[in-house]
Structures are given as structure tokens and as C-alpha cells.
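Trainee: Model the structure of this input:
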Amino acid sequence: MCRLHSSTTAIALFFVLIVISFQALGQLMASEEVDTTKIRKWVPKFEMEYQGTYHFGDSEDESDLVLIFTVGNIIGQIRSGSWSSDGNQWIWKFENLRDIKIEGNKFSSYPYSGEFVRYDDNNELHRGLKINNPWSSSPEKGQWEVGLKRRAAIDYFRGKFTQASLRILDIDELKKMTKSDLSLMRNEIFARYGFKFKAGGTADKYFRSQSWYVAQYENVDMFLTDIERQNIETIRKIEKP
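Mentor: The predicted structure follows:
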């Protein structure tokens with residue numbers, strides 16, 4: 001009887017270890033499985049340290065989430081992409097998160113939620129954001145995904161006047177700018193999302209000379225953040241004679 005009990009216990013323990021092992025390695029970071037026992041809470045001294053760009057996935061399933069902190073508001077935008085139906089062009093897509101809140105290391109928004117974490121990988125410490133309901137297709141149903149914090153928010157945007165997408169612009173600083181620079185700053189916001197300018201026009205010629213610009217959309221209004229919408233309106237008021 002003792003031998004039978006011992007054997008049954010060993011078998012049960014074996015299956016428990018398999019389940020634990022599966023749970024520990026069943027989640028993703030940059031499309032790779034991670035050891036969940038190495039995941040820890042990340043609570044910095046200042047909440048502003050969460051600001052930046054978080055990189056998710058790999059290859060064709062990679063994406064970036066940028067978080068920008070403004071007075072009384074947090075802006076969050078996901079940039080991802082996919083091939084066009086004919087397979088000839090990579091099409092960028094942008095999604096703005098709504099109602100973003102951060103409490104401790106907990107992150108919530110519409111429609112995604114999660115928490116900020118640290119990942120100790122062989123004594124190399126990574127900081128990231130764990131999303132419980134990932135937007136990418138790599139994780140299977142029920143899996144979460146970690147995006148690693150890789151860049152400052154300023155490096156997410158391209159162009160000469162990136163401040164127009166990073167913060168609310170001051171009227172006094174805009175009044176000191178030339179009309180041509182104001183026009184360039186305003187149009188650059190649209191260009192970052194691949195807006196197609198009038199063929200042969202000043203804006204079209206300028207942005208087609210920029211290595212980062214790719215004309216893809218007739219209308220990009222749905223991609224604009226609250227910061228960008230407010231800055232466009234302010235710039236237009238200054239531009240009026």
C-alpha cells in the first residue's frame with residue numbers, strides 16, 4: 001500500500017510540474033516565450049518614467065505603443081502595419097487609446113489594459129508594459145504580451161517639428177515663427193500619418209524629399225491625437241492674416 005501511494009503521489013507531482021512549467025512559459029515578449037517567474041512589478045519614483053515607446057512582437061507582427069504625458073492627460077497610440085492586398089506596399093495603421101489611467105503599476109484604457117513590469121533576463125533588467133488583451137495576432141487566446149520600453153517618446157515621431165505631436169504648443173512661441181515654418185509644422189503632422197498632399201504642390205514636393213514620408217491616405221483625421229488636433233487648430237489661427 002505504501003508503494004502504491006508513493007507511486008500515485010509521484011505521478012501527480014509530475015503532472016503538476018508540467019502544468020507549472022507550461023504556465024511559466026506560455027506568455028510572449030517580442031514573439032518569444034518568457035519565464036513568468038522573472039516578471040516583477042515596475043513602479044518608478046516618478047510616473048513620468050512610464051512615458052516612451054514600447055515595442056511589441058517581431059517581424060511582420062511587430063508594433064509600437066507610444067505613451068505621452070501632458071497636463072491632466074495621457075496620450076496613447078499604437079502603430080502597426082500590414083501588406084496591401086496586392087502585396088506591393090506596407091501600409092501603416094494607427095490606433096488611439098481612450099480613457100488612459102495609471103494607478104501604481106496598473107494600466108487601463110479603452111480597449112486595452114495591463115501593467116508595467118520589469119523582466120530580469122540573465123541579470124539584464126528590461127522594463128516594459130504587459131498587455132492582458134494584446135492587439136497583435138501572435139499571442140494565442142488567453143495569453144498576454146510584454147512590450148519592451150526601447151525609446152523615448154520624441155524618437156517615435158519623424159520630421160523637423162516633432163514638438164507639434166509631443167506637447168500642447170504655446171501661442172507665444174508660434175507667433176515667433178515664420179508663415180512658411182508654421183505651414184510646414186502643421187502639414188508635417190498630417191505627413192507623419194502618410195497623408196497624400198496635392199500632387200505637385202509645395203507640401204507634396206517637400207515631403208516626398210523626406211526619407212521617412214510615405215504617401216498612403218487621402219484622409220488621416222481618424223489617426224490624429226488630441227494633442228495634434230489642438231495644435232493644428234492653434235497653428236491655423238496664427239496663420240490667419
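Trainee: Now do the same contact list for residue 165.
Mentor: When contacts are counted by C-beta atoms under 8 Å, 6 or more residues apart in numbering, residue 165 touches 157, 189, 192, 225, 227, 228, 231. C-betas here are computed from N, CA, C, even on glycine.
Trainee: Ok, residue 239 next?
Mentor: Residue 239 is in contact with 179, 182, 183, 186, counting by C-beta under 8 Å, 6+ apart.
Trainee: what's the closest of those residues to residue 56?
Mentor: Closest approach between the contacts of residue 239 and residue 56, by C-beta to C-beta: residue 186, at 30.6 Å.
Trainee: before we move on, the earlier item: would you turn the contacts of residue 165 into a markdown table with pLDDT, secondary structure and distance to residue 50?
Mentor: What follows is those, written out as a markdown table (pLDDT from 0 to 100; DSSP: H, G, I helix; E, B strand; the rest coil; distance: C-beta to C-beta, whole Å):
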| residue | pLDDT | secondary structure | distance to residue 50 |
| --- | --- | --- | --- |
| 157 | 95 | coil | 18 |
| 189 | 98 | helix | 24 |
| 192 | 98 | coil | 23 |
| 225 | 97 | coil | 17 |
| 227 | 97 | helix | 17 |
| 228 | 98 | helix | 21 |
| 231 | 97 | helix | 23 |
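Trainee: ok so, going back, could you pick out the buried ones from the contacts of residue 239?
Mentor: Buried members of the contacts of residue 239, counted by 16 or more other C-beta atoms under 10 Å: 182, 183, 186.
Trainee: give me the number of residues near the nearest residue to residue 136 once chain neighbours are set aside?
Mentor: Leaving out its chain neighbours, the residue that sits closest to residue 136 by C-beta to C-beta, 6 or more residues apart in numbering is residue 57, at 4.8 Å. Using other C-beta atoms under 10 Å, residue 57 has 22 neighbouring residues.
Trainee: cool, the one 10 residues further on as well?
Mentor: Counted with other C-beta under 10 Å, the neighbours of residue 67 add up to 24.
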